[in-house]
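Student: Kindly generate the corresponding structure for this input.
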Amino acid sequence: MAGRRGCALVLGLVVLACLVSFAGLLTVAALVGREPAVAPRSTLVLRLSGDLGEGGPGDPFTSILPTRRPPSVDMVVENLRKAKVDKRISSVLLAPSGFQTPYWAKLQEVRDAILDFRRSGKPIYAHLEYGGQSEYYLATACDRVFLVPSSSLDLTGLASYEIFLRGTLDMIGAYPDMIHVGDYKTATNQLTEKTMTPAHREMVQSLNADSFQQMVHAIADGRRKSEIDVRALVDEGPFLAAEAKAAGLIDDVAYEDQVRDSLKKAGRDTGQIDLGDYARISASSLGLGRGPRIAVLYASGMITSGSSGFDPLSGAIIGSETLVDSIRKVRKDNRVKAIILRVDSPGGLAVASDVIWRELMLIRSDKPSKPLVASMSDVAASGGYYIAAAAPTIVAEPGTLTGSIGIYGGKIVARGTYGKLGMNIETVTTGRNAEMNSPVRPYNTDERAKIEQQLQTFYEQFVEKVAEARRLSRDRVDEVAQGRVWTGRQAKAIGLVDELGGMQRAVALAKQKAGIAADAEVELVSYPPRRTLYDLLTSRFGASDRTLQVLSRLGFGEASAVGAAAAPLALFKRGEILALMPYVFAR
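Tutor: Below you'll find the predicted structure:
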């Protein structure tokens with residue numbers, strides 16, 4: 001009896017502690033949820049660092065503690081839109097630092113938002129504590145650019161890096177038995193080769209050259225120089241702060257307090273508000289974001305079957321079940337007048353991509369059908385392009401990586417690895433092909449023929465669906481497919497993309513197709529909905545503590561490369577057909 005009373009007491013204390021904690025969270029949420037006061041002639045300070053994410057579900061704590069939300073591209077763009085019309089905001093100070101992204105499209109979207117803000121006549125200054133290339137790229141969209149006197153401007157050009165694991169696999173006695181369709185489908189090269197093949201190098205050089213030209217053009221436009229002059233300056237970089245000023249690449253050397261003083265002298269800075277606080281100002285209070293509903297379906301991450309989640313190696317995971325459920329809800333919601341599919345995905349499992357594609361195609365068959373526009377972020381390639389092709393209109397940034405119309409499959413044969421560890425695997429089979437995906441032997445002739453047939457069949461379906469969607473001949477699509485990755489600008493030139501721009505351009509097109517006035521405000525509603533605390537606790541985590549320890553010792557580029565190369569091994573089963581883009585990171 002005494003034991004039962006003790007258990008009841010302990011259980012009661014636990015429940016009481018949970019209730020007190022929950023009440024505390026609600027109290028904090030109530031306090032933090034209040035819109036902050038904004039003083040007249042305030043400066044909005046945009047401190048952007050790390051990796052700009054996508055909008056969408058986020059984590060459950062974001063709704064409780066809004067200031068906890070890390071900056072995402074839609075958050076930055078939306079708050080610049082608010083600041084443009086907010087009479088209390090007289091200027092903006094952009095302070096980018098420590099960007100880790102190897103991609104350009106999200107930066108281009110923010111850069112376009114900065115240029116749009118400048119149309120208000122309010123000044124926007126950029127202050128660089130460190131003049132990294134990505135940070136400087138954004139800064140050149142501003143009215144004036146300042147650099148800390150002791151810093152440098154590291155304008156040096158672009159270099160692409162890829163990791164090849166074949167040598168490592170040889171060392172541990174593992175053999176990559178991989179099959180691919182498409183001369184440029186180089187995702188398998190990271191496992192099967194020790195260096196780039198000629199086709200691989202050709203593709204990477206093309207991507208690098210086009211991205212570099214886009215960067216040069218933006219800097220030349222922002223600094224009022226010719227592209228020839230900017231190319232010559234890049235070859236002279238990096239620059240000391242004084243050298244950068246003398247070359248006209250920046251306006252002055254200054255510390256942040258000195259930049260603030262210059263704004264105050266102009267009567268532009270009587271106070272400041274950070275992005276996290278300003279994000280709590282509702283758009284509707286400024287006359288924005290009220291009107292007909294447009295649903296935004298976020299497809300961010302690697303594509304696989306089942307529920308969406310998060311993998312520490314690969315990042316966000318798009319589960320076909322989760323996204324399909326959201327698509328069905330949007331189709332049934334009569335309040336939604338148009339749909340935007342926001343894709344930031346290198347692809348993944350071919351079958352899961354096809355399931356999502358089918359559900360998106362059903363939107364087009366509805367009577368009446370809702371307009372569907374695809375908006376591509378940093379990456380919308382392979383399976384990511386597959387699902388985007390369901391939209392009649394595709395919008396991409398010039399620097400988006402897309403295409404990669406090709407597939408592959410295979411397995412890692414680890415018999416030698418097991419042997420080095422003193423292990424032995426014995427196999428008992430029933431059925432001629434039961435051992436097809438064996439981890440201890442390669443495919444035999446018949447098995448390989450079956451895999452090749454599956455891959456070729458899916459590739460033909462991929463090409464035919466793109467040809468029909470893009471109104472191109474099958475041969476033309478096959479010519480630009482072959483697994484080749486293109487920039488958004490290149491993709492528009494060959495017909496894989498309709499228009500260049502970001503989410504705002506996609507919204508404009510969705511409004512046009514839905515019969516909504518061009519100058520009318522709309523409410524953007526994100527799907528899938530925000531995850532609950534239960535979702536967070538039960539979501540998939542695909543890496544061990546040991547893996548996380550290893551990754552913590554790597555820089556972002558190296559960790560991302562290892563994660564991307566290892567993703568097929570960690571997330572997908574042996575023999576599954578993958579529509580996945582090869583990983584390239586540029587600096």
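Student: quick one, helices of the stretch 201-350 of the chain?
Tutor: Using DSSP state H, counting those that start in this stretch, the helices of the stretch 201-350 of the chain run over 227-236, 241-246, 256-265, 275-278, 320-332, 350-365.
Student: Flag whichever of the ones you listed has the least confidence on average.
Tutor: Note on the helices of the stretch 201-350 of the chain: lowest mean pLDDT is at helix 256-265, with a mean of 88.
Student: Could you list every helix and strand in contact with it?
Tutor: Helix 256-265 is packed against strand 89-99, strand 124-128, with contacts defined by 3 or more Cβ pairs under 8 Å, 6 or more residues apart in numbering; DSSP states H and E. (Each C-beta comes from the backbone N, C-alpha and C, glycine too.)
Student: try 7 Å this time
Tutor: Applying 3 or more Cβ pairs under 7 Å, 6 or more residues apart in numbering; DSSP states H and E, one finds that helix 256-265 contacts strand 124-128.
Student: Now do the helix or strand following the strand it packs on: distance to the chain's middle.
Tutor: Per DSSP states H and E, the first helix or strand lying C-terminal to strand 124-128 is helix 133-139. On the basis of Cα atoms, centre = their mean, to the nearest Å, helix 133-139 is displaced by 18 Å from the centre of the chain it belongs to.
Student: which residues are in contact with the following helix or strand past helix 133-139?
Tutor: The helix or strand immediately downstream of helix 133-139 is strand 144-147, counting by DSSP H and E. Strand 144-147 is contacted from outside by 125-128, 131, 139, 153, 241, 244, 250-254, 259, using Cβ atoms under 7 Å, 6 or more residues apart in numbering.
Student: Could you list the paired strands of strand 144-147 along with their orientation?
Tutor: Paired neighbours of strand 144-147 in the sheet (DSSP bridges): strand 124-128 (parallel), strand 252-253 (parallel).
Student: Beta-bridge partners for Val379, please?
Tutor: Residues in beta-bridge contact with Val379 (DSSP bridges): Leu401.
Student: residues near it, how many?
Tutor: Neighbour count of Val379, defined by other Cβ atoms under 10 Å: 23.
Student: got the contact list for it?
Tutor: Val379 makes contacts with Tyr103, Asp344, Ser345, Pro346, Leu401, Met581, as judged by Cβ under 7 Å, 6+ apart.
Student: again, but for Ser226
Tutor: Ala220.
Student: Look up how far Leu169 lies from it.
Tutor: Distance, Ser226 to Leu169, by Cβ to Cβ, to the nearest Å: 48 Å.
Student: likewise Tyr278?
Tutor: Distance, Tyr278 to Leu169, by Cβ to Cβ: 50 Å.
Student: Check the spacing between Tyr459 and Lys264 real quick.
Tutor: Counting by Cβ to Cβ, the gap from Tyr459 to Lys264 is 62 Å.
Student: so where's the chain uncertain?
Tutor: Within the chain, the stretches with pLDDT under 70 are 1-33, 56-70, 312-314, 530-575, 582-587.
Student: one more time with 50, if that's ok
Tutor: Applying pLDDT under 50 to the chain flags residues 18, 20, 22-32, 59-68, 540-558, 585-586.
Student: Show me the residue at the heart of it, geometrically.
Tutor: Residue closest to the mean C-alpha point of the chain, counted by Cα atoms, centre = their mean, is Asp344 at 4.3 Å.
Student: Tell me the spatial nearest neighbour of it, not counting adjacent residues.
Tutor: Leaving aside its sequence neighbours, Asp344 sits nearest to Ser377 (Cβ to Cβ, 6 or more residues apart in numbering; 3.7 Å).
Student: quick one, what contacts the one you found?
Tutor: By Cβ under 7 Å, 6+ apart, the contact list for Ser377 reads Glu54, Ala105, Lys106, Arg342, Val343, Asp344, Thr400.
Student: can you give me the offset of the helix or strand where it lies from its chain's centre?
Tutor: The secondary structure element spanning Ser377 is strand 372-381 (assigned by DSSP H and E). Distance of strand 372-381 from its chain centroid, counting by Cα atoms, centre = their mean, is 10 Å.
Student: Pull the residues that contact the helix or strand just after it.
Tutor: Next in sequence after strand 372-381, counting helices and strands by DSSP H and E, comes helix 383-388. If you take Cβ under 7 Å, 6+ apart as the criterion, helix 383-388 is touched by 299, 303, 341, 343, 345-348, 350, 353, 356-357, 360, 374, 376, 380, 394, 402-405, 462, 579-580.
Student: Could you export helix 383-388 as CSV, CA atoms only?
Tutor: What follows is helix 383-388, C-alpha atoms only, in CSV (Å, rounded to 0.1, in the frame of the first residue of the first chain):
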residue,chain,number,x,y,z
GLY,A,383,13.1,14.2,-58.3
GLY,A,384,12.8,17.9,-57.4
TYR,A,385,12.3,18.8,-61.1
TYR,A,386,10.1,15.8,-61.6
ILE,A,387,7.5,17.1,-59.2
ALA,A,388,7.9,20.7,-60.4
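Student: and the residue nearest to Ala266 when sequence neighbours are not counted, what is it in contact with?
Tutor: Of all residues not flanking Ala266 in the chain, Pro123 sits nearest, at 7.8 Å (Cβ to Cβ, 6+ apart). Shown in contact with Pro123 (Cβ under 7 Å, 6+ apart): Ser91, Asp143, Arg268.
Student: returning to what we had before: between the contacts of Val379, which sits nearest Ala514?
Tutor: Asp344 (23.6 Å; Cβ to Cβ).
Student: mind listing what that closest one touches?
Tutor: Going by Cβ under 7 Å, 6+ apart, Asp344 touches Glu54, Ser300, Ser377, Asp378, Val379, Ala380.
Student: How about Asp51?
Tutor: Contacts of Asp51 (Cβ under 7 Å, 6+ apart): Gln100, Thr101.
Student: distance of it from Pro102?
Tutor: In terms of Cβ to Cβ, Asp51 sits 9 Å off from Pro102.
Student: now Gly409
Tutor: Counting by Cβ to Cβ, the gap from Gly409 to Pro102 is 26 Å.
Student: before we move on, what about Asp354?
Tutor: Relative to Pro102, and taking Cβ to Cβ, Asp354 is found at 28 Å.
Student: now do Thr188
Tutor: Noted for Thr188: a distance of 21 Å to Pro102, by Cβ to Cβ.
Student: Please apply the same query to Met503.
Tutor: 21 Å.
Student: now swap in Phe117 and tell me
Tutor: 26 Å.
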